[in-house]
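>>> Here is my input, please return the structure:
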Amino acid sequence: MIDPPRPNVPEAVGRCRTAGIKVIMVTGDHPITAQAIAKGVGIIGPNSLTPEEAAEDTHNLVTHVPVGVAQAIVVHGQQLVEMDDIELDRILREYQEIVFARTSPTQKLRIVEGCQRAGQVVAVTGDGVNDAPALKRANIGMDIVTVTYCRCSEFRTL
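Down below sits the predicted model:
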């Protein structure tokens, strides 16, 4: 079963990136699927490497890939369960291209809170009741199916 992204997503991601907005993908999809979709829509750039890809290219262990060599990262929900807020904050700070895969509603909320700890204004789009906690906590939350909930607590001109 394939649930392709909407046709306007690559353009929207490109506009966000041009405006200096960091786009983070948070999904319940399998990490391989999530990474492929992220590359297809421009969340992960065509020349960007994840730590695993950088390790493979350099014939090293992932733990031996120097900071800055990998521009993108795909974090599995189980990894997120096992990491503390310090590690989450490091990932959010060090990587510009981030995908969180196989995440739960609680984890989506935790990611929003991590971005806010870093002083970011966070916008979240969601398409179901599972997204409600993250939508509510975000500075800007939009249910893209019903468009019944939108809360903007802060607006900043770029």
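>>> the helices in the protein, which residues?
Secondary structure of the chain (DSSP state H): helices at 9-18, 31-41, 51-58, 77-82, 85-94, 105-117, 132-137.
>>> which residues touch the closest residue to residue 34 other than its chain neighbours?
Spatial nearest neighbour of residue 34, chain neighbours left out: residue 101 (3.9 Å); criterion: Cβ to Cβ, 6 or more residues apart in numbering. Placement of C-beta: from N, CA and C, glycine included. Residue 101 is in contact with 27-31, 33-35, 74-77, counting by Cβ atoms under 8 Å, 6 or more residues apart in numbering.
>>> 7 Å - rerun?
Residues near residue 101 by Cβ atoms under 7 Å, 6 or more residues apart in numbering: 27, 29-31, 34, 74, 76-77.
>>> Just send those residues back as JSON lines, with distance to residue 130 too.
As requested, the contacts of residue 101 are exported to JSON lines (distance: Cβ to Cβ, whole Å):
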{"residue": "27", "distance to residue 130": "11"}
{"residue": "29", "distance to residue 130": "13"}
{"residue": "30", "distance to residue 130": "17"}
{"residue": "31", "distance to residue 130": "18"}
{"residue": "34", "distance to residue 130": "16"}
{"residue": "74", "distance to residue 130": "20"}
{"residue": "76", "distance to residue 130": "18"}
{"residue": "77", "distance to residue 130": "13"}
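>>> May I see the ChimeraX selection of the buried members of those?
Applying 16 or more other Cβ atoms under 10 Å to the contacts of residue 101 leaves a buried subset, and the ChimeraX line that selects it is:
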select :27,29,31,34,74,76,77
